[in-house]
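Q: Build the 3D model from these lines:
(chains A and B)
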Amino acid sequence: MTAGAMTAEPAPAVRLEALRHRYGDTVALDRVALDLPAGRTVGFIGPDGVGKSTLLALVAGARKIQSGAVTALGGDMADPRHRRRVCPRIAYMPQGLGKNLYMDLTVFENLEFFGRLFGQDRKERHERITDLLRSTGLDPFPDRPAGKLSGGMKQKLGLCCALIHDPDLLILDEPTTGVDPLSRRQFWDLIDRIRRQRPDMGVLVATAYMDEAERFDFLVAMNDGAILATGSPAQIKARVGAETLEEAFIALLPEDERRGHRNLTIQPSRDHGGPPAIVAEGLTRRFGDFTAVDRVSFEIERGEIFGFLGSNGCGKTTTMKVLTGLLPASEGKAWLFGEETKAHDLETRKRVGYMSQAFSLYAELTVQQNLDLHARLFHLPRQSIPGRIEELLERFGLTVYAEVLAATLPLGVRQRLSLAVATIHEPEMLILDEPTSGVDPIARDSFWELLIDLSRNQGVTIFISTHFMNEAMRCDRISLMHAGQVLASDTPAALVRQCGAETLEEAFIAYLQKATGQEASGQQTNGRTAADAKHRPAVPPSRTHNPSQSTTQWFSSRRLLAYSLRESMELLRDPIRLTVALLGTAFLMLVFGYGISFDVEDLTYAVLDRDRTPESRSYLEGLAGSRYFLEQPALATHREMDHRLKSGEIALAIEIPPGFGKDLLQGRTPEVAAWIDGSMPFAAETTRGYLEGLHQHYLIELSRRNHGEDPVFLPAEIESRYRYNQDFKSLFAMVPTVIALMLVFIPAILMALGVVREKELGSITNLYVTPVSRLEFLFGKQLPYIALGMINFFLMCALAVFLFGVPVSGSFLALSFGALLYVTATTGLGLFISSFTKTQIAALFATAIATTVPAVMFSGMMQPVASLDGSAAVIGQGFPTGYFMTISVGTFTKALGFADLYRDFLALAAFIPILTILSMLLLNKQER
Amino acid sequence: MRRLENIYRLGVKELFSLRRDTVLLALIVWAFSFAVYTAATGMSHELKNGAIAIVDEDRSQLSARFREAFLPPYFKEPKLISFREIDPGMDSGRYTFVLVIPHGFQADVLAGRRPALQVNIDATAMMQAGIGDGYITNILAQEINTFLGTPTTAYPVELKARYAFNPNITSAWFTSVTEIINNVTMLAIVLTGAALIREREHGTIEHLLVMPLTPIEIMVAKVWANGLVILFASGLSLWLVVETLLQVPIAGSKALFLAGTGLYLFFATALGIFLATIARSMPQFGLLFMMVFLPMNLLSGGETPIESQPALLQAIMQAVPSTHFVSFAQAILYRGAGIDIVWPQFALVTVIGSLFFAFAAARFRRSIAVMRS
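A: The predicted structure follows:
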């Protein structure tokens, strides 16, 4: 752009050689070889899915190179040492609005996080953040959470985060997709100003907007994993003799992909008469204190194609949802076909077809199944369904895909399927929310052909939203939307004329400037106007900072703490996670403590006394007086005994045989029969023990009564001494055990979720492209959870001592130290599991299963570890819970201290480095 | 009629979606096969491999008999230790039981001086301590009597105790079936809840709502489809894993159990829907699930007898259908009860389940209004 950069041809900044990349069977890049000039803005153009993102991620070092070579900033990007050296000089902004940002953190906190990752101290960080915010017009909103920013602002914040360390190579993947034209223009002006101040900085940009590409120095046109052409925009257009880049791109495509493509012609819409298809009057929709749609009014005639043009989050989608009845309006009214819309009106729904913004069909069904399901849900006559599906498959070019799963369809085909589904019941009106986002130009044109056919030949009213200007030009009339309001509404040509602009984009920008100018002081401002921003320096003048010292050192506690701090802030802002993390263990401990009891009490029993003598009653007295047994109404028959045992009403039945009293008096040794419900073996054995005890007691009493002395059953005494828990109350054993159980369960799950969440949301990219090392990342994320685990531990100890009355008889310090080691090990376990699970739900279940089974079954809760053998013993010893259980039970009930338990401390400590190393090995520093 | 057809179509779709969800499928398979198997074989409620040590200060013929008397599978081979080793051994949990035979024990027995044997029991090993105590006392008494050549004393009254339904009180009979009962509740909540959240995350629920369908149809479709999967899986698991693989006899009618489970599933699946309307994302749902399922599972009487809970807790649990579900499932499967016995529980499960179902349906309708944002 500057004259100097244009004349001198510098050596290539990036060189790609025979670069190949595939995802499963899909080839994303097919032997790409390319030299990219240094110090230029290089644009990659082409539709979605042609390999642009893959190429940029490979150059940035975010993705692992499969085959071929990438040389960037003078080194091989496959070499980890080179990547570590140059990563502070590269900035990478992945695709998707705010993909590398943390939505729960504020603007300022996001920037602070990135500043810390690049080793900046507080003073430097704050200076840079202040400068960046001012130059991007974000300075009024440092405390707004990133999730609440508009699309344009998110991208500006993303850019600020990328620029915080003065990179030499800036890689932007579709930074302006879904952003309004004014913000887009401001974004590129900002990049230009930065480039002017730092002419050595190279910029690589991918974009789907051809008009944007006109302003780049050098273009790479891509299709289907290969390069179609390279050169300046003028060169590319000249090569095929096209006027615009879009036309040039289509002309560059191979013959068979272009086939069937022709320039669209649109007949004027006919007047269908009747009331308007849609009337909206003063529609307003608020979410809390946020007004998404603000007094919107418009009318759409039958058979008309009516367009909504505006950025992401300007209220297009909300307006459409109100019209379909998905959302009730806060104020205002709307009429469809002359009838007022209501939220649950099934009849109107049959007259409308709706296609939502994201692909919302069942990805797990095939094309045919999706069509069939919807045909049946709309209750098309059964015999007409096959014919209708056939017709739609044919018309939308889906016949070859009929048996393909929707999940595996290319984007353009999916959109055609969505449209086919939306029209399956021959609706009179279609409401289409950004149906062509991310679709390539040819597929977009063929999609429009279908729309035009529906509108002009079948009289279907079409209400469509888009952010493509050339699509808006095809509508009969359009409304320009911004921040919930309709700025203007007319035919596209009239709008351009009224502004005296040349193109619709310029006209839109003019309207936007007028609107934002009026409310420049308001909260909704999307940024300063370009003119306003020009007076300030775009970017702080480059300071001399020495990257070799602060950012390339092997270990930095600042980067580690950056992750800890961020993780804590995110946790504090998620109410469900925080509640479970803080109070989950205490709640479960209450339940376990009060609920699980191995004390068998109040056993229900009934008696079948077929003797009914004073002797039999005397025998039964002992049972009736015992605190373990609870008598139920007496039994009359065996049948009744059977019935009541089966129903579980009684757990024990006693039968005294006829003649019991007589036999006893005559010394004939009568036999009392007892049936114990054996379905719960543990309880059954305990019951038997109690029963035998009572029987013995009866015999002693009998002997005392009859002979006046204690009987001698055995010539020796057997004294059972229950140690540690004299009353043999299960609470005393349960409480220390439950503490051990809870500290593996909850911390491990939360930890695993914490890491996998980053994978799912995409912010893991920051691990790939910033100097943070795996160890710093893992430990940094682990620290807050260790702290949480310790809070939980102290909370549970307090419950144990003050609520359950189970005192710590040994060394509390030893117990706490053991807990610290244990929580470090269990969170380490969570990290380990997270390193090979991809989705949060998988991580959750995998962790739950992997921790519960060994902790409950093989760590001494059910059976002492000493009596395990075989694989159970190996699992028990290879899992941390058993060791901590010994410490916990030992310090709580056995009055032990450090000296008695040193072996368990050593074993627990050994888990920490092992788990950390394993997690490090399994965690990739690059995406595969 | 149209409603029924909608519910049927949506339910079939639900089954297709489940087929593609590898995580949930793996969970179902794991829960009804490996989990049942390991629960049955891995954990034993009987005394098994009791870790015992003996301090023999007598070194007599009788004490030698004692040393030989503790046999597998109930006990591990006894370790001979010294008096000093008792405390560290029990402190570290190496020994659950320590028998101390005092000096001159045999002589004292023969002289009729009734010497004392001491059995130290680690009372923190709740599952083994009490039962082990009984075993050890019996074994010691038997050995002394045999040594003296005296027949077992004739008591004036004999007690003949038998175990009904599980004569050898094999714990696998109990644990395998308990695991299936637990899995029914767990999977009913997870499958329906996840099905709803999946639709919400993929935006497909929105798509259903613009069609001529009512929320109740959407919900009922999820309930029947996922309920059917669980019924099928638990039936299969009872037959293949419990009866065939583990050789556990099932006392009652499997059909009756499955019929009862069908009634209970109205409650359990509605609970899944209810939790899914509270959670904003899958992980939040998972955490909520843990907080609800674990207490329900532990307190419903499947793991430990409900009678030993505090009275207040027992009263609360009476209002939760899972308690009655566990109760009739145990009655049918362990004790062979028929419908004449379990009908009150069936009725309770149905009534409470329907009430909760209606509540969850209302909540689902309302949450959809919010979800539309």
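
Q: So which bits of the lengthiest helix in chain A are buried?
A: Scanning chain A for the helix with the most residues, using DSSP state H, yields helix A:730-761. By neighbour count with 16 or more other C-beta atoms under 10 Å in any protein chain shown, helix A:730-761 contains the buried residues A:730-761. The way it works is simple: take the backbone N, C-alpha and C, and place the C-beta from them, glycine included.

Q: mind listing the helices in the stretch 201-350 of chain B by residue range?
A: B:204-209, B:215-237, B:254-278, B:282-299, B:311-318, B:321-335, B:339-371 (DSSP state H, counting those that start in this stretch).

Q: likewise the stretch 651-800 of chain A?
A: Under DSSP H, counting those that start in this stretch, the stretch 651-800 of chain A gives helices at A:660-665, A:681-707, A:730-761, A:765-769, A:774-798.

Q: So which elements touch the second one?
A: Spelled out, it's helix A:681-707. Contacts defined by 3 or more C-beta pairs under 8 Å, 6 or more residues apart in numbering or on different chains; DSSP states H and E place helix A:681-707 against strand A:603-609, helix A:614-625, strand A:671-677, helix B:126-148, strand B:158-164, helix B:171-202.

Q: Give the pairing partners of the third one; include direction for each.
A: Sheet partners assigned to strand A:671-677 using DSSP bridges are listed as strand A:652-656 (antiparallel), strand B:158-164 (parallel).

Q: and the ones you listed, which is most packed in?
A: Most buried of the strands paired with strand A:671-677, by mean neighbour count (mean count of other C-beta atoms under 10 Å in any protein chain shown): strand A:652-656, with a mean of 24.

Q: Alpha carbons of that one, as PDB, please.
A: Extracted in PDB, the C-alpha atoms of strand A:652-656 (Å, rounded to 0.1, in the frame of the first residue of the first chain):
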ATOM      1  CA  LEU A 652     -38.000 -61.800  59.400                       C
ATOM      2  CA  ALA A 653     -40.600 -64.500  60.300                       C
ATOM      3  CA  ILE A 654     -40.400 -66.600  63.400                       C
ATOM      4  CA  GLU A 655     -42.300 -69.800  63.800                       C
ATOM      5  CA  ILE A 656     -42.800 -71.500  67.100                       C
END
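
Q: Using the three-state scheme, assign the residue lying closest to residue A:433 once chain neighbours are set aside.
A: Spatial nearest neighbour of residue A:433, chain neighbours left out: residue A:357 (4.4 Å); criterion: C-beta to C-beta, 6 or more residues apart in numbering or on different chains. Taking DSSP: H, G, I helix; E, B strand; the rest coil as the rule, one finds residue A:357 in the coil state.

Q: where does residue A:357 land on pLDDT?
A: Looking at residue A:357, its pLDDT stands at 74.

Q: so it touches residue A:321, yeah?
A: No. Assessed by C-beta atoms under 8 Å, residue A:357 is found out of contact with residue A:321, at 10.0 Å.

Q: Among the two, which residue is more densely surrounded?
A: Neighbours per residue, other C-beta atoms under 10 Å in any protein chain shown: of residue A:357 and residue A:321, the larger number sits with residue A:321, 26 against 18.

Q: that older thread, and the longest helix of chain A, what does it pack against?
A: In terms of contacts (3+ C-beta pairs under 8 Å, 6+ apart), helix A:730-761 is packed against helix A:575-595, helix A:774-798, helix A:812-834, helix A:840-857, helix A:880-893, helix B:126-148, helix B:282-299.
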